[in-house]
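> Would you be able to build a 3D model of this:
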Amino acid sequence: MKNEYRMPPKPRNAKGKMRTVGIELEFAAEDGRQLAELVQRIYPGTIDRIDPHLFKIRDTTLGTFTIELDTQYVHWERPNKEEVPLIDELLPQELFDDILEAVGDVMKHVVPYELVTPPIPLDRIGELDELVAELRKLKVKGTDEGVFYAFGMHLNPEVAVQDCTWILNVLRAYLLLAEWLHEQMGIDLARKLSPYIRAFQEPYILKILDPEYQPDDEAFIRDYVKFNDTRNRELDLFPLLSHINEDLMQQLVTDELTKPRPTFHFRLPDCRLNDPAWSIAHHWNLWVKVEELAEDTARLKEMSRAYIEHAGKLFKGKWAEKVPAFLKT
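Presented below is the predicted three-dimensional model:
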C-alpha cells in the first residue's frame with residue numbers, strides 16, 4: 001500500500017521553488033558498507049568511503065546520502081605529518097584505519113548508525129519508502145528493540161519564509177499540539193528518558209502564546225535562547241536561528257555542533273524501522289498539521305487563549321484531550 005504524503009499550506013519557498021526536507025534515520029546495524037551499497041542500489045550513485053564507519057553516496061537521483069556511526073570518536077582526522085613527523089613510520093594509514101574500524105566495531109553496539117538524506121523536494125518524499133522497506137528487510141534494529149535504543153527520526157523541513165513572524169506561529173502551533181503529538185507517535189520510554197528531546201517549559205510556552213508577544217527577529221532569537229539553552233528540544237530552532245542571524249547566535253550560544261540552515265529541526269519521532277506499521281509518511285503528515293494550524297491564525301489565537309486558561313487551572317486534566325476538538329472545527 002502506497003503511503004500518502006500531505007502537502008503543507010505553503011509548499012513552496014520564498015523563491016517559488018518546491019520546499020525540501022532532509023531526513024535523518026537512526027538505527028542499529030552491523031555494517032556501514034552494506035548500508036551504503038543498499039542506498040546505492042536504490043538510488044544509483046558513487047560510494048565514497050571517508051573512513052571505516054563513514055560513507056557518502058554521491059550523485060544519486062536525489063543528491064548525496066550520508067551514512068555514519070553517530071559518534072565523533074570513530075571519525076577523527078589523521079594527525080598532520082608536519083606536526084607529528086614520524087606519523088607514517090609510527091602509524092601507517094592501514095593501521096590507523098584498523099584502529100578506527102576496531103573502535104567503531106565496538107561502539108556500534110551502543111551507538112546508532114545515522115542515515116542522512118539530501119534535501120528532498122516535498123513532492124518526492126515518497127521515493128524514500130523503498131529505502132525504508134529495504135532497511136526493514138536488512139533487519140536493522142529500531143527504537144523499540146533495545147532498552148537503551150533511544151533512536152530517533154529527525155525531519156528538517158525547509159522554512160517557507162525566513163521571517164520570524166511566520167516561524168513564531170509555527171512554533172506556537174507546535175507547542176499547542178506537542179502533548180497530542182506525543183500520544184499520536186507513542187514515543188518510546190528510552191527516548192522520553194533521554195536528554196535529546198526535552199520538552200519546552202511552561203514559562204516560555206505561556207510567554208509566546210500571549211497574543212501581545214510580537215517580537216522583532218532579534219528579540220525573538222534572544223528570548224528563544226534565554227529560555228532554551230540547549231539544542232536538545234523536540235523542535236530545535238538553533239540551526240534556523242543561526243541561519244537568520246549567525247553573528248547574534250554565536251554571541252548567545254557556544255554549541256559548536258549547531259550548523260546554520262534554513263530548516264526546522266524536528267527531533268521528536270521514534271525510528272521504528274522494524275515495525276511494518278511505522279512510516280515516514282505518518283510522522284510527516286503530523287508535522288503538516290502543525291503548519292496547517294500555524295496558517296489558521298484565528299484558530300491559533302483561539303487555541304492559545306484556551307491553553308493559557310487551561311494552564312492557570314489547579315485541576316486541569318490533560319491538554320492533549322482537548323486538542324482534537326480544535327482540529328475538527
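
> Which parts of this structure are helices?
Ranges of helices in the chain, per DSSP state H, are 32-42, 87-90, 93-107, 129-137, 164-185, 189-193, 202-209, 217-227, 238-244, 246-252, 280-295, 297-311, 323-328.

> what about the ones you listed, which gets the closest to G152?
helix 189-193 (6.5 Å; CB to CB). For glycine as for every other residue, the C-beta is placed from the backbone atoms N, C-alpha and C.

> could I get the helices of the chain as TSV with mean neighbour count and distance to T61?
Below are the helices of the chain laid out as TSV (neighbours: other CB atoms under 10 Å; distance: least, CB to CB, whole Å):
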stretch	mean neighbour count	distance to T61
helix 32-42	18	9
helix 87-90	11	40
helix 93-107	14	29
helix 129-137	16	12
helix 164-185	20	30
helix 189-193	14	32
helix 202-209	16	40
helix 217-227	17	37
helix 238-244	22	26
helix 246-252	14	32
helix 280-295	20	18
helix 297-311	15	38
helix 323-328	13	36
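
> Please convert these to CSV, extending it with distance to P262 and mean pLDDT.
Putting those into CSV (distance: least, CB to CB, whole Å; pLDDT from 0 to 100) gives the following:
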stretch, distance to P262, mean pLDDT
helix 32-42, 25, 96
helix 87-90, 40, 47
helix 93-107, 32, 49
helix 129-137, 24, 95
helix 164-185, 10, 96
helix 189-193, 27, 78
helix 202-209, 21, 97
helix 217-227, 14, 97
helix 238-244, 5, 96
helix 246-252, 12, 94
helix 280-295, 15, 98
helix 297-311, 22, 97
helix 323-328, 28, 92
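
> of all these, which lies closest to F55?
Nearest of the helices of the chain (CB to CB): helix 32-42, 3.9 Å.

> pull the CA atoms of the closest one into CSV?
Taking Å, rounded to 0.1, in the frame of the first residue of the first chain, the C-alpha atoms of helix 32-42 are listed here in CSV:
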residue,chain,number,x,y,z
GLY,A,32,28.2,0.6,7.2
ARG,A,33,29.5,-0.5,3.8
GLN,A,34,26.5,-2.8,3.4
LEU,A,35,24.2,0.1,4.2
ALA,A,36,26.0,2.3,1.6
GLU,A,37,25.6,-0.4,-1.0
LEU,A,38,21.9,-0.7,-0.2
VAL,A,39,21.4,3.0,-0.8
GLN,A,40,23.5,2.9,-4.0
ARG,A,41,21.3,0.0,-5.3
ILE,A,42,18.1,2.0,-4.8
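
> residues making contact with it?
29, 45-47, 49, 52-55, 57, 60, 65, 67-69, 113, 115, 130-131, 134-135, 138 (CB atoms under 8 Å, 6 or more residues apart in numbering).
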